[in-house]
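> Need a 3D model of the sequence below.
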Amino acid sequence: MILPHCKTCDSQNCFINRFTTPEWKATIDKKRVALRIKKHDDLFREGDPVNGIYFIYKGQFKVFNSGYKNKTQIVRLAKSGNIIGHRGFGSLKIYPIGATALSQATVCFIPEKTFKEALKNNGELVFELLNFYADELRRAEYKLRSLSQMSARQKLAEALLTINEIFDAEIFEGVEYLGLQLPRQDYADITGSSLEEVIRTLSAFNKEGLISLVGKRIKILKLDVLKEMISSFGPLKIP
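Purely as a prediction, here's the structure:
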């Protein structure tokens, strides 16, 4: 995997690439560090000290925290171009969440001091980050409502639709599947359901012809039916 450089980065999702001046791209490029992360490895853990912010160049991550009795809750799925670690900025200076790679990945780490200097000198970057934080807050509010009011079927339908919306499809043996393969436990951690409930619901969806299951790979067969299942909760909110 080729290590990235800000001057040649072609990511259309990266905030640094889109919203900083050429001069500041060069400055950040000198200070940032490119890291290769193996699948299943932690980028950082809940409670780690905050030293900077991460931008995903290539790869997929889950962002999660621990609740009652250390039960894991996946709060966000992230892909190439996305920011990770922004939730750690503030007075506490520790990450309230953890991040683990779901695939081999390359990330750009920007030290906190450099990133804050970039904010002071790039007004468009500040404006877009404010919008990003506002969207994150709305998504968190929606997630709280959906977990408390949706049935197990609705929560799993929303999770499948969200993955379908975020990640490009994977073509395997000529068939188009969801672009993110997750173990059943991760679906439980996304939906707040038990592992057994997720397994039963996926099996039911498969028998009803809503999806097709091949190991961890999932193909959505009836997109409209899944959307109708959660239509009363408003438009899909991407985490």
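
> any residues touching the helix or strand where I53 lies, and which ones?
Applying DSSP states H and E as the criterion places I53 in strand 52-58. For strand 52-58, the surrounding residues in contact (CB atoms under 8 Å, 6 or more residues apart in numbering) are 1, 4, 9, 11, 14-16, 34, 43, 78-86, 89, 99, 105-112, 114-115. For the C-beta atoms, the positions are set from N, CA and C on the backbone; glycine is no exception.

> could you flag which of the residues you listed are buried?
Taking 16 or more other CB atoms under 10 Å as the criterion, what is buried in these is 4, 9, 11, 14-16, 43, 78-86, 89, 99, 105-110, 114-115.

> can you give me the end-to-end distance of stretch 181-194?
19 Å (CA to CA, to the nearest Å).

> related to what we said a few turns ago, partner strands of the strand holding I53 and their direction?
strand 83-84 (antiparallel), strand 105-111 (antiparallel) (DSSP bridges).

> Now do the buried residues in whichever helix in the chain runs longest.
Of all the segments of type helix in the chain, defined by DSSP state H, the longest one is helix 123-149. Neighbour-count burial for helix 123-149, with 16+ other CB under 10 Å as criterion, is recorded at 125, 129, 136, 142-143, 146.

> mind putting the residues you listed in TSV, distance to Q154 and pLDDT included?
Below are those laid out as TSV (distance: CB to CB, whole Å; pLDDT from 0 to 100):
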residue	distance to Q154	pLDDT
L125	37	92
L129	32	90
E136	22	83
Y142	13	77
K143	13	76
S146	8	76
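
> Of these, just say which sits nearest to K93.
Using CB to CB, the shortest approach to K93 within the buried residues of helix 123-149 belongs to L129, at 18.4 Å.

> ok, now which ones touch that closest one?
Contact analysis of L129 by CB under 8 Å, 6+ apart lists 15, 86, 119.

> In helices only, show me the residues you listed.
Among the contacts of L129, the members found in helices (DSSP H) are 15, 119.

> P96 in helix, strand or coil?
What DSSP: H, G, I helix; E, B strand; the rest coil gives for P96 is coil.

> got the contact list for it?
46, 65, 87-88.

> Make a markdown table out of those residues and add secondary structure.
Formatted as a markdown table, the contacts of P96 follow (three-state DSSP):
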| residue | secondary structure |
| --- | --- |
| E46 | coil |
| N65 | strand |
| R87 | helix |
| G88 | helix |
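
> Farthest pair within the residues you listed?
Across these (CB to CB), the longest gap, 11.8 Å, separates N65 and G88.

> Show me the common contact partners of those two, please.
What both N65 and G88 touch, as defined by CB under 8 Å, 6+ apart, is the set 96-97.

> Compare these two (neighbour count), which wins?
G88 (21 against 15; other CB atoms under 10 Å).

> and the closest residue to the more buried one other than its chain neighbours, what does it touch?
Distance criterion CB to CB, 6 or more residues apart in numbering; nearest residue to G88, sequence neighbours excluded, is V50 at 3.7 Å. The contact partners of V50, by CB under 8 Å, 6+ apart, come to 85, 88-89, 93-95, 112.

> can you confirm P4 is in a helix?
No: under three-state DSSP, P4 sits outside any helix and is assigned coil.

> Identify the residue spatially nearest to it, adjacent ones excluded.
P4 sits nearest to Y57 (CB to CB, 6+ apart), 4.5 Å away.

> Unless I'm misreading it, T191 sits right up against R184, doesn't it?
No: if you go by CB atoms under 8 Å, T191 and R184 don't touch, sitting 10.8 Å apart.

> what is in contact with the two at once?
Joint contacts of T191 and R184 (CB under 8 Å, 6+ apart) are V198.
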